[in-house]
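In: Model the following, please.
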Amino acid sequence: MVDDTEDMRRQVRHPRLLELLDYWLKLRGGRRLPRKSEFDPAAVPRLLANLMLKEVQHDPLRFRIRLEGEQVSAARGFGATGRFFDEPGVVVLKDDALAAYAEMVADCRPRYSDGAFSYKDGRAGRLYRLALPFSGEGQTVDFIITGLYHELGRGGGW
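Out: Numbers count the residues shown, from 1 in each chain. Predicted coordinates for the structure are as follows:
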């Protein structure tokens, strides 16, 4: 396994997401993937409102939202726990999230993105997203924990 830890750390431009990445790296150790059972919410209490846990279903590949923090729901405008990510209306930003999740399932590597966003209701700002792969049994990506931070306009935020 190529250790691209420092490259990934340099990409992450939000301090809370860097905290989440460091926690994931600690859990992973020298393995390909950390296990979902090792994730302890008490280890990252400041991040919980901005986390989303997605279960990966294989064949066909789909992502079911199992849990989401209150800031994730607030940014979307509604809660989507229990729904599939590809259901109409669940993803309010049209970007490459589904493609990135599919790539993550294939290569078992985290994905980070940030950039401008705008919603149909006129809200706009910057979105920071870090998606981390986890495994149930240690070999395949069965869960994705995503940290999301929205900053509205200048200085505003969720």
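In: Only alpha carbons, please: show the host helix or strand of residue 113 as CSV.
Out: Here residue 113 sits within strand 111-118, counting by DSSP states H and E. Taking Å, rounded to 0.1, in the frame of the first residue of the first chain, the C-alpha atoms of strand 111-118 are listed here in CSV:
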residue,chain,number,x,y,z
ARG,A,111,-11.9,11.4,-0.8
TYR,A,112,-11.7,15.1,0.0
SER,A,113,-13.3,17.9,-1.9
ASP,A,114,-14.1,21.6,-1.3
GLY,A,115,-15.6,24.3,-3.4
ALA,A,116,-18.4,26.7,-3.9
PHE,A,117,-22.0,25.6,-3.7
SER,A,118,-25.4,27.1,-4.3
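In: which outside residues touch that strand?
Out: Identification of contacts with strand 111-118 by C-beta atoms under 8 Å, 6 or more residues apart in numbering yields 8, 11-14, 17, 21, 93, 95-96, 100-101, 103-104, 124-131, 150. Where you see a C-beta, it was placed from the backbone N, CA and C, and this is true even at glycine.
In: Would you list the buried entries among those residues?
Out: With burial judged by 16 or more other C-beta atoms under 10 Å, the buried subset of the contacts of strand 111-118 is 8, 11-12, 14, 17, 21, 100-101, 104, 125-131, 150.
In: from the residues you listed, which ones fall inside helices?
Out: 8, 11, 17, 21, 100-101, 104 (DSSP state H).
In: got the residue ranges for the strands in this protein?
Out: Using DSSP state E, the strands of the chain run over 51-57, 62-68, 111-118, 124-134, 143-152.
In: hey, least reliable of the ones you listed by pLDDT?
Out: Confidence, taken as mean pLDDT, is least for strand 111-118 of these (a mean of 87).
In: Return the residues in contact with the residue lying closest to residue 109 once chain neighbours are set aside.
Out: Nearest non-adjacent residue to residue 109, counting by C-beta to C-beta, 6 or more residues apart in numbering: residue 133, 7.1 Å away. The neighbours of residue 133, taking C-beta under 8 Å, 6+ apart as the test, are 33, 104-105, 108-110, 141, 143-144.
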